[in-house]
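Asker: could you work out the structure for the sequence below:
(2 chains)
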2 protein chains.
Amino acid sequence: MATGLPGTSRPGGRTERTRVAVLRATLDLLVERGFPDLTVEAVAERSGVHKTTVYRRWASRDGLVAAALQMGTEVPWTPADTGSLAGDLREMLLEVVRAFTEPGERELPTAAVLTAFQSARAAEALHDFYQERHVRASVLVTRAVARGEVPAATDPDEVTRTACGPVFYRLFISREPVDDATARTAAEAAAAAARAGVLTAQRADESG
Amino acid sequence: MATGLPGTSRPGGRTERTRVAVLRATLDLLVERGFPDLTVEAVAERSGVHKTTVYRRWASRDGLVAAALQMGTEVPWTPADTGSLAGDLREMLLEVVRAFTEPGERELPTAAVLTAFQSARAAEALHDFYQERHVRASVLVTRAVARGEVPAATDPDEVTRTACGPVFYRLFISREPVDDATARTAAEAAAAAARAGVLTAQRADESG
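Answerer: As a prediction, the model looks like this:
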């Protein structure tokens, strides 16, 4: 769910190869240097694409970073089907834990979360990335409703937020370790809340 | 719960006044410039304390930032007692939402979360701050257990993480708006999960 930022395998001609080379170079430099030290010139040099081409197409480092993070949504992700909501959420969260903890893999998604503090366009790109993941994850709730496991009014986005929340809270707020047990507990908690009927769209919109 | 970083009202003599002046200057500069552009010299100048004094006591900008963030734990916070776990969690989360959304207030806790990406000592300080908040929040579960609302084996830290998670997920991962409804839904979800018995320490430690 949180993986897949690095690239795309969409076939294409020279324009597409240029795009991928530039955006991959952007991601590499984002991880190596961080957003404050990223420059269009460095991206051009790293990618081997002339900097006038880079400027013409992406205009600025904000444009580059936004496009590079958007590239993540091009990578397909299909959630697992285990036969229960808690099981499906657990598999999804195990992927999140892996993506944000494994050396060699965690650097890019972590840099994406960090860069969203430093660039409004990066924040929008991160938002779009997770919105797209929410849409793909909604099938978990659709299936759970069909099985009679949770109420029909259950809001898939609320289930995803509730499930992911504790993992990211540990990673970036309380700065505590995350592991497979974190994923299992968070999955069971979100599934229990959904079964109890407190994760319906109507409740989220209530006031007072 | 997430507020209270800015200072301390502990009485004290000149040494204590110097400490508070330096650490407040550190927090101000952290918000204004960010960690990458923070220097010991700038903190000395802003606080009016000689830089040899600042270096002698805090050694580096990492030391300054860690001490400044630790100062947050000196500010007392007592959770509300509403008579139900969902109500108590809701009040706690409304404070979190306020602390991270109100202009003039949100800047410092947001800078603290950001700085934890940039400095290992800041990350430790953030960790310690939230651990201290977890301890203070544990009374919510103690009371809920006493009322027979949740199982005796309920882990207070897991309840806090489950409650806070979706708020911080929206703030810093999916970059979605947070409001009072966010707090209410997250509080009800955590309370429902606790009642269902899935937030026990034993479960978190299970494997397989």
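Asker: quick one, what contacts residue A:122?
Answerer: A:35, A:62, A:65, A:66, A:69, A:112, A:115, A:116 (C-beta atoms under 8 Å, 6 or more residues apart in numbering or on different chains). Every C-beta, even on glycine, is put in place using the N, C-alpha and C of the backbone.
Asker: for the residue of chain A found nearest chain B, which non-adjacent residue is closest in space?
Answerer: Using C-beta to the nearest C-beta, the single residue of chain A nearest to chain B is residue A:165, 2.4 Å away. In this structure, residue A:165 finds its nearest non-sequential neighbour in residue B:165, 2.4 Å apart by C-beta to C-beta, 6 or more residues apart in numbering or on different chains.
Asker: secondary structure element for the one you found?
Answerer: Residue B:165 belongs to helix B:156-172 when elements are defined using DSSP states H and E.
Asker: what angle do helix A:156-172 and that helix make with each other?
Answerer: Computed by axes from the mean of the first three to the mean of the last three C-alpha atoms, to 10 degrees, the angle separating helix B:156-172 from helix A:156-172 equals 110 degrees.
Asker: can I get the next helix or strand after helix B:156-172 in PDB, CA atoms only?
Answerer: Toward the C-terminus, helix B:156-172 is succeeded by helix B:180-195 as the next helix or strand (DSSP H and E). Output in PDB follows, covering the C-alpha atoms of helix B:180-195 (Å, rounded to 0.1, in the frame of the first residue of the first chain):
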ATOM      1  CA  ASP B 180     -14.000  17.900  15.900                       C
ATOM      2  CA  ALA B 181     -15.700  15.100  14.000                       C
ATOM      3  CA  THR B 182     -12.300  13.500  13.400                       C
ATOM      4  CA  ALA B 183     -11.700  13.500  17.200                       C
ATOM      5  CA  ARG B 184     -15.100  12.100  17.900                       C
ATOM      6  CA  THR B 185     -14.900   9.300  15.400                       C
ATOM      7  CA  ALA B 186     -11.400   8.300  16.400                       C
ATOM      8  CA  ALA B 187     -12.400   8.300  20.100                       C
ATOM      9  CA  GLU B 188     -15.400   6.100  19.500                       C
ATOM     10  CA  ALA B 189     -13.300   3.700  17.400                       C
ATOM     11  CA  ALA B 190     -10.600   3.300  20.000                       C
ATOM     12  CA  ALA B 191     -13.300   2.800  22.800                       C
ATOM     13  CA  ALA B 192     -15.100   0.200  20.700                       C
ATOM     14  CA  ALA B 193     -11.800  -1.700  20.000                       C
ATOM     15  CA  ALA B 194     -11.000  -1.600  23.700                       C
ATOM     16  CA  ARG B 195     -14.500  -2.900  24.600                       C
END
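Asker: in helix B:180-195, what counts as buried?
Answerer: Of the residues in helix B:180-195, those buried under the neighbour-count criterion (16 or more other C-beta atoms under 10 Å in any protein chain shown) are B:181-195.
Asker: report the mean per-residue pLDDT for it.
Answerer: Summarised as a single mean, pLDDT over helix B:180-195 is 98.
Asker: shouldn't the residue of chain A closest to chain B be in contact with residue B:166?
Answerer: Yes - shown here, residue A:165 and residue B:166 form a contact pair, counting by C-beta atoms under 8 Å, at 3.9 Å.
Asker: got any residues that touch both of these two?
Answerer: Taking C-beta under 8 Å, 6+ apart as the contact definition, residue A:165 and residue B:166 share the neighbouring residues residue B:186.
Asker: can I see the domain layout of chain A?
Answerer: Annotated domains of chain A cover A:14-72, A:77-205 [automatic domain parsing].
Asker: return the residues in contact with residue A:155.
Answerer: With the criterion set at C-beta under 8 Å, 6+ apart, residue A:155 makes contact with A:141, A:199, A:200, A:201, A:204.
Asker: so what's it closest to, chain neighbours aside?
Answerer: Excluding the flanking residues, the one nearest residue A:155 by C-beta to C-beta, 6+ apart is residue A:201, at 4.0 Å.
Asker: what do you get for residue A:61?
Answerer: Nearest non-adjacent residue to residue A:61, counting by C-beta to C-beta, 6+ apart: residue A:38, 5.1 Å away.
Asker: before we move on, what about residue A:163?
Answerer: Leaving out its chain neighbours, the residue that sits closest to residue A:163 by C-beta to C-beta, 6+ apart is residue A:190, at 3.7 Å.
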